[in-house]
Each structure stands twice: as structure tokens, then as C-alpha cells.
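**Q** Pasted the sequence and its predicted model underneath.
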Amino acid sequence: MRSLWTATTGMRGQNLSMDVIANNLANVSTTGFKKSSTSFQDLIYQHVELPGAPTSDNGTQSPSGIQVGLGVRPAAVTKVFTEGDIVQTSNEFDVAIEGAGFFQVELPDGNTAYTRAGNFNRDGTGRIVTPEGYPIIPSITIPENARQVTVSETGVVSAILGDDTESTELGNLDLATFVNDAGLLAIGRNLFRETESSGTATIGTPGSDGYGTLLQGFLEQSNVNLVGELANMITTQRAFEINSKAVSTSDEMMSTVVNMV
């Protein structure tokens, strides 16, 4: 029976939705995390009778035909790059992006990754790095005798060195933007890599046209809406149960037909 297969595809689809929702909920407190959303499309149709097909010898036609759908398939699981809430931490190495853009990070293999999570720190050599120890690009080193490190809205990193009374500029935090953020490849650790779909990164100065500004002592939180995800979870659970019931009902109907033969 068609209904058995159709309901099975529905169960598979709702199972995928639950996987995505569970990952969103698991990262509700992850700095800079971007939630995902699932979209679906219907499968092919069996056209028992085409619209406009003749229904009699008198020229009458079927207004809509008989088109039986055969289920559903996942179309995409898409990252949603809306901005999360920005909260104050007062940590001098925490930096939030208000607006568009990504920080650049150098991976151990020499490739570049991108992140919205600005929870940075210093490593043993004074470089500004991610929690995993990956240095930011361009590399910025904070001298051991530096104090009162500041990051301006436009990305200028400065500090007072030793007994100096004036700040010394140590480097600049640049931002990267993409034509299609949703095309970025998530690789874990709050990092993304560019793809053909995302387009090549365009590097610019924070605060310039098309780029967000930086806020020192703040962090961007996850953009997961807890209430919304819980509502989605309930809807997904109900849809899974309904499709499961359709499978059971189809099986019972098939058994009845077999017993009648």
C-alpha cells in the first residue's frame, strides 16, 4: 500500500527535525551558536488521472484529476544567522560583533575558519587565540608588560606598555563577510569554513560599510529561542506519532485484505 511508504517517509522526516531541534537545544548556552532549521519538499506523485482528462464521451473533463502524493523528503537543514543577544562579561578579551561579519581563525592545517564567538584569550606567547588555542587572523600579540588592553569599535587593539602613559596600537581585528552566510560549512567548535555556496570571504574593517562594529567586554549568545524550540519539539513529536499511527493503520488494513483473499 502506498500509505505505508508515505507514512514511513513522514516518520523519517520528523526524526530528522527532532535531531535538529535537539542540537539547537543542546547549544542554547553556546557562545555565538547559530541555530538550524529544517525544510522539506514533497516526493513525486502518482497521477492516476491527469487534470483535464476526459470523463465521458460528452466532452466533460476532470477538473483536478487524481494525484496521489508519495511522501516527503528533507530539502535542507539551514543555519540561521540572525544575531543572538549580546551580554556584558567585562572580560577584556571578550569581543562581540554587533552587526554583520565573522572573526577569522587560523586552523592547525593552515586553513582559515570563521566564527561569531569572540571569547578570546592569550596563549603562552601572548597571541590572542580561541578557547582551542587557534590564533586569530591577523595575528595580534599582547606583550607581557601590557595593561589596560582595549579594543575599539573599529577593531583597533591597543594597550599601555610598561611604564608608558599613552596607549600603543598592537594590531587590528578585521571582519569577514560572505554573500551567502547559510552556505558556510559548520565544522564544530563554533567554526565555519567557506564553500562555493557561501562565496569567498570579503575582508573589511569593523564599522565600515557592510561590516558590524565590535564591543569589548561583551559576548554574543546563542540565537536559539528556547520557547520556540520547545514548541517545535512538541509539534514534531505529535507529527511523528501521527505518522507512526498511519503506518500501524496501513499494516492493519493490509492484513485485513490478505485475510479476505
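**A** Nice, I can see it.

**Q** switch to C-alpha atoms for all contacts and neighbour counts from now on
**A** Will do.

**Q** OK, contacts around the most centrally placed residue in the chain?
**A** Geometric centre of the chain, nearest residue: Lys79, 2.4 Å, by C-alpha atoms, centre = their mean. Lys79 sits next to Lys34, Lys35, Ser36, Ser37, Ala182 when contact means C-alpha atoms under 8 Å, 6 or more residues apart in numbering.

**Q** Show me which of those are buried.
**A** Listed as buried from these are Lys34, Lys35, Ser36, Ala182; burial here means 16 or more other C-alpha atoms under 10 Å.

**Q** is it true that the first one touches Glu220?
**A** Read it as Lys34. No - at 10.4 Å, Lys34 does not count as touching Glu220 under the criterion of C-alpha atoms under 8 Å.

**Q** returning to that earlier point: just name the closest of the buried ones among the contacts of Lys79 to Thr89, please.
**A** Checking the buried ones among the contacts of Lys79 against Thr89 with C-alpha to C-alpha, the nearest one is Lys34 at 20.0 Å.

**Q** sorry, back to before: nearest residue to the residue nearest to the centre of the chain other than its sequence neighbours?
**A** In this structure, Lys79 finds its nearest non-sequential neighbour in Ser36, 4.3 Å apart by C-alpha to C-alpha, 6 or more residues apart in numbering.

**Q** one step back: could I get the buried ones among the contacts of Lys79 as a markdown table with distance to Tyr211, pLDDT and secondary structure?
**A** Shown next, in a markdown table, are these (distance: C-alpha to C-alpha, whole Å; pLDDT from 0 to 100; DSSP: H, G, I helix; E, B strand; the rest coil):
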| residue | distance to Tyr211 | pLDDT | secondary structure |
| --- | --- | --- | --- |
| Lys34 | 18 | 98 | coil |
| Lys35 | 21 | 98 | coil |
| Ser36 | 23 | 98 | strand |
| Ala182 | 17 | 97 | helix |
